[in-house]
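**Student:** sequence and predicted structure are below.
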Amino acid sequence: MQSEIRNRPSFANIKVNLGPGDKILAEAGSMASMSSSINIATRWNGGVFKALAKRFFANESFFINEFTAANDGELVLTQTFPGDIECFELTGNTMYLQPGAFLACEPGISLGLGWAGIASYVGREGLFRLKVSGTGKVWFGGYGGIFEKEVEADYVVDTGHLIAYDPTIGIKMGLAGGLFSSFFSGEGLVTRVKGPGKIYLQSRSLDGLAAWTNSHL
């Protein structure tokens, strides 16, 4: 299986070249185009109860699609909003994805739910996060560009910009500064992450887009 992320960072999509018997799992509705030699099968995202939990607690689809190539073929996957797509490869380890970030993975990856904590809920990120573990590639998307940061100690991220991180990363919510600065600077609450570990950030925030749009309606 060969893959390429194209048209970055504003309108990224994944082109996957599959050989006979190759498989890839993808979020429901992410297929943009595919060769006729590729078969699609839809199943519950981890079983009925796990699928329900992922839908209501991690903003993921009830279903996941499995694409299998009978012969050589091409598959193009994309996300519903404009932005970038990134890929990391797991080798028996684990990463956490924020709700809605997951796009696709290889069959050796297991998808589960992890408790994110009250701090994440206060920051409007939800009580749960998607836990991806196993061996294989994972593709995830973000609004705007995606960039990574190695965090050694403490680091501050505006809410809505953190989309993926190592399990060694600790998260808590706090004010951007003092009371006056926090409420009148436009920053308000921020996410304080503590390393060591790697985090992935998106350069734009969907909450920020919604607020900007509402102010002009």
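**Tutor:** Here it is on my side, so go on.

**Student:** after the helix or strand of the chain with the lowest mean pLDDT comes which helix or strand?
**Tutor:** Here the helix or strand of the chain ranked lowest by mean pLDDT, DSSP states H and E is helix 48-58, holding a mean of 44. Next in sequence after helix 48-58, counting helices and strands by DSSP states H and E, comes strand 63-69.

**Student:** let me know the secondary structure of the closest residue to Ser205 other than its chain neighbours.
**Tutor:** Using C-beta to C-beta, 6 or more residues apart in numbering and skipping residues adjacent in sequence, the residue nearest Ser205 is Gly160, 3.6 Å away. C-beta coordinates here come from the backbone N, C-alpha and C atoms, glycine included. Secondary structure, DSSP: H, G, I helix; E, B strand; the rest coil: Gly160 is coil.

**Student:** give me the most central residue, the protein.
**Tutor:** Computing the C-alpha centroid of the chain and ranking residues by C-alpha atoms, centre = their mean puts Ala101 first, at 2.0 Å.

**Student:** quick one: the residue nearest to Ile169 when sequence neighbours are not counted and Phe128, what's the gap?
**Tutor:** Closest residue in space to Ile169, ignoring its immediate chain neighbours: Gly197 at 4.2 Å, by C-beta to C-beta, 6+ apart. For Gly197, the distance to Phe128 equals 19 Å [C-beta to C-beta, to the nearest Å].

**Student:** the more surrounded of those two?
**Tutor:** The residue with more neighbours, out of Gly197 and Phe128, is Phe128; 23 against 17, by other C-beta atoms under 10 Å.

**Student:** what pLDDT does the more buried one get?
**Tutor:** Listed pLDDT for Phe128 reads 71.

**Student:** quickly list what it is bridged to.
**Tutor:** Trp115 (DSSP bridges).

**Student:** look up how far Thr80 lies from it.
**Tutor:** 21 Å.

**Student:** quick one: low-confidence ranges for this protein?
**Tutor:** Applying pLDDT under 70 to the chain flags residues 44-62, 115-127, 174-188, 208-212.

**Student:** tell me where it has helices.
**Tutor:** 48-58, 118-122, 179-184, 206-215 (DSSP state H).

**Student:** the residue nearest to the centre of the chain contacts Gly141, correct?
**Tutor:** Yes - with contact defined as C-beta atoms under 8 Å, Ala101 reaches Gly141; the gap is 6.2 Å.

**Student:** Glu66 contacts Ile40, doesn't it?
**Tutor:** Yes - counting by C-beta under 8 Å, Glu66 sits close enough to Ile40 to count as a contact (7.2 Å).

**Student:** which ones are touching Gly83?
**Tutor:** The neighbourhood of Gly83, defined by C-beta atoms under 8 Å, 6 or more residues apart in numbering, consists of 9-10, 12, 141-146, 202, 204.

**Student:** mind checking which of the residues you listed are in strands?
**Tutor:** Using DSSP state E, the subset of the contacts of Gly83 located in strands is 141-143, 146, 202.

**Student:** now distance to Ala164 and neighbour count too, for the residues you listed, in a markdown table please.
**Tutor:** Converted to a markdown table, the ones in strands among the contacts of Gly83 look like this (distance: C-beta to C-beta, whole Å; neighbours: other C-beta atoms under 10 Å):
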| residue | distance to Ala164 | neighbour count |
| --- | --- | --- |
| Gly141 | 10 | 28 |
| Gly142 | 9 | 29 |
| Tyr143 | 13 | 23 |
| Ile146 | 9 | 23 |
| Gln202 | 9 | 25 |
